[in-house]
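Asker: Kindly generate the corresponding structure for this input.
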Amino acid sequence: MPAFGNRQVAIDEVHARPYLLIEHPRALVQLAFMNEGNPAKDKVTLAEISSRMGVSLPDQNTPHHGLTWDQGDLHCEKHTEFSTYLWSAPLDPDTGKLAGEDPFRHGFTPPGQVVCGIRLDVVAWSEETAKYIDRFDPISRCHSLVEDGMADIVTDFRQDADGLTRILILDRGLTPIRLGALAQRLLEIETYRTLALLSIPLTQKLGPHLRDIEKRLAAITDEMRQSARRNSEELLSRLTDLSAELEAETASSLYRFGASRAYYEIVEERLAALGETFVPGCYRWRSFLHRRIAPAMRTCRTIEERQANLSDKLARATSLLRSWIDVQLERQNSDLLASMNNRAKLQLRLQQTVEGLSVAAISYYVIGLLAYLIKGLPGLHDVVAPELVISGFVPVVLVAIWWTVRRIRHSHNDHGLPTPKDRI
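Answerer: Model prediction:
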């Protein structure tokens, strides 16, 4: 049977991120780099590592890669805006050193700027290794029992001299697969909580600016209430500039706030999956992180809501101002039509005057021609005076020409041409 084109992709995705099989003592060092989703940078980095370690270069057409060498392995995972590089190697619990060659030293080419660094040590629980807990800062130390009491997880979310957040797992008998799943959750919690908090500088920058926009909007609306009919064009220009400024900021912060929400949801899911049991005198991971990340996320939501509310207020103010401008335009159009009406009336009167003058002028020329004709008739002088005949023709000519002009005007009107009165 023919298979759907993306069926294999969906099937492979379930197995795309298998958990590491971890046996203590072992250490995991993970670095996350912001590369803006550019796969070419990761290709260069993986090519350099594979060449230096003397291992074959993996297929880089997938988002997950793995390199293995003596006493160590490296796992690369590509995400939307960042990549993670996880180095796993045997650990000497006494000295705290990792066996094998460090892939992040000796000419390592990072694919971008480091955004998160983690070192996670996995050792078996004993009275001796339990003393490692005291190495963490008691002020922010988080210690919980997980996996039904089969493991202790400890961290203080502080960075060591290498800039790495230290995490400790004290194994009380977990299988390698469960230990690998637990380690993966803890690495993701630290990575995604760091990425979620990247929006804090943006909220600190946008907060004062939003207050400034709110004040300027309040000032504009107050001017609208007092003098909108006089300064409508100026106010509309200021409102448009303010809307453009707000929309530009909203567009620039849209991705960062959306990414922070998504990362925080992942952190919440991973924390819930831990199933922590409280250890007296210490924070639980969930309560510690929730107490510090949740307010930051609420601030992000508040900034987004303020941006949306400001956008709605600006839209309403602009719509109100445009309504006033439309009323002014209607008033101007009404005045213009009234002016055109007056002009049409004046034009009609002028036309009537011109028609009267034209009748008199045409009659004058016609009577003049008749005078030449009458005076030229032979024998008329003996019968009647030519002047008397001409004077008799004057009213006849006036009436005839007046009637002819009227007929011509009515004939034009019969062909669909409006008269001045119709236009009025």
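Asker: Which strands and helices lie in contact with the one helix or strand residue 406 maps to?
Answerer: Secondary structure assignment for residue 406, by DSSP states H and E: helix 386-414. Contact analysis of helix 386-414 by 3 or more C-beta pairs under 8 Å, 6 or more residues apart in numbering; DSSP states H and E lists helix 285-375 as its packing neighbours. C-beta here means a position set from N, CA and C on the backbone, and glycine is covered the same way.
Asker: name the helices or strands packed onto the helix it packs on?
Answerer: If contacts are counted by 3+ C-beta pairs under 8 Å, 6+ apart, helix 285-375 sits against strand 142-146, strand 151-159, helix 176-196, helix 200-227, helix 232-274, helix 386-414, helix 420-423.
Asker: Include mean neighbour count when you put these into JSON lines, please.
Answerer: Shown next, in JSON lines, are the helices and strands packed on helix 285-375 (neighbours: other C-beta atoms under 10 Å):
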{"stretch": "strand 142-146", "mean neighbour count": "21"}
{"stretch": "strand 151-159", "mean neighbour count": "20"}
{"stretch": "helix 176-196", "mean neighbour count": "21"}
{"stretch": "helix 200-227", "mean neighbour count": "14"}
{"stretch": "helix 232-274", "mean neighbour count": "16"}
{"stretch": "helix 386-414", "mean neighbour count": "13"}
{"stretch": "helix 420-423", "mean neighbour count": "11"}
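Asker: Going by mean pLDDT, which of those comes out lowest?
Answerer: Mean pLDDT is lowest for helix 420-423 among the helices and strands packed on helix 285-375, at a mean of 48.
Asker: still on that earlier bit, please name whichever of the helices and strands packed on helix 285-375 is nearest to residue 101.
Answerer: helix 176-196 (21.4 Å; C-beta to C-beta).
Asker: any idea of the angle that closest one forms with helix 232-274?
Answerer: 160 degrees (axes from the mean of the first three to the mean of the last three C-alpha atoms, to 10 degrees).
Asker: Tell me how far helix 176-196 lies from the chain's centre.
Answerer: Relative to its chain's centre, helix 176-196 lies at 31 Å (C-alpha atoms, centre = their mean, to the nearest Å).
Asker: And that helix, what does it pack against?
Answerer: The elements that helix 176-196 packs onto, with contact taken as 3+ C-beta pairs under 8 Å, 6+ apart, are strand 26-34, strand 82-90, strand 113-124, strand 151-159, strand 165-171, helix 232-274, helix 285-375.
Asker: Make a markdown table from these and add distance to residue 19 to it.
Answerer: What follows is the helices and strands packed on helix 176-196, written out as a markdown table (distance: least, C-beta to C-beta, whole Å):
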| stretch | distance to residue 19 |
| --- | --- |
| strand 26-34 | 12 |
| strand 82-90 | 12 |
| strand 113-124 | 13 |
| strand 151-159 | 14 |
| strand 165-171 | 14 |
| helix 232-274 | 13 |
| helix 285-375 | 19 |
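Asker: of those, which approaches residue 384 most closely?
Answerer: helix 285-375 (9.8 Å).
Asker: for that closest one, what is the average pLDDT?
Answerer: Computed over helix 285-375, the average pLDDT equals 83.
Asker: tell me the domain ranges of this protein?
Answerer: Using automatic domain parsing, the domain parsing of the chain gives 7-187, 198-334, 344-423.
Asker: In a markdown table: those domains, plus distance to residue 1.
Answerer: Formatted as a markdown table, the domains of the chain follow (distance: least, C-beta to C-beta, whole Å):
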| stretch | distance to residue 1 |
| --- | --- |
| domain 7-187 | 11 |
| domain 198-334 | 37 |
| domain 344-423 | 75 |
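Asker: which residues of the stretch 51-200 of the chain score low on pLDDT?
Answerer: 58-63 (pLDDT under 70).
Asker: Specify the stretch among the helices and strands packed on helix 176-196 that is closest to residue 57.
Answerer: Smallest distance to residue 57 across these (C-beta to C-beta): 14.9 Å, for strand 82-90.
Asker: gap between residue 74 and residue 235?
Answerer: Distance of residue 74 to residue 235, computed by C-beta to C-beta, to the nearest Å: 62 Å.
Asker: same question, residue 119
Answerer: Distance from residue 119 to residue 235, by C-beta to C-beta: 59 Å.
Asker: What of residue 70?
Answerer: Distance, residue 70 to residue 235, by C-beta to C-beta: 74 Å.
Asker: Next: residue 187.
Answerer: 55 Å.
Asker: for residue 306, same thing?
Answerer: For residue 306, the distance to residue 235 - C-beta to C-beta - is 23 Å.
Asker: okay but residue 129 is in contact with residue 93, surely?
Answerer: Yes: at 6.6 Å, residue 129 counts as touching residue 93 under the criterion of C-beta atoms under 8 Å.
Asker: intersection of neighbour lists for the two?
Answerer: residue 123 (C-beta atoms under 8 Å, 6 or more residues apart in numbering).
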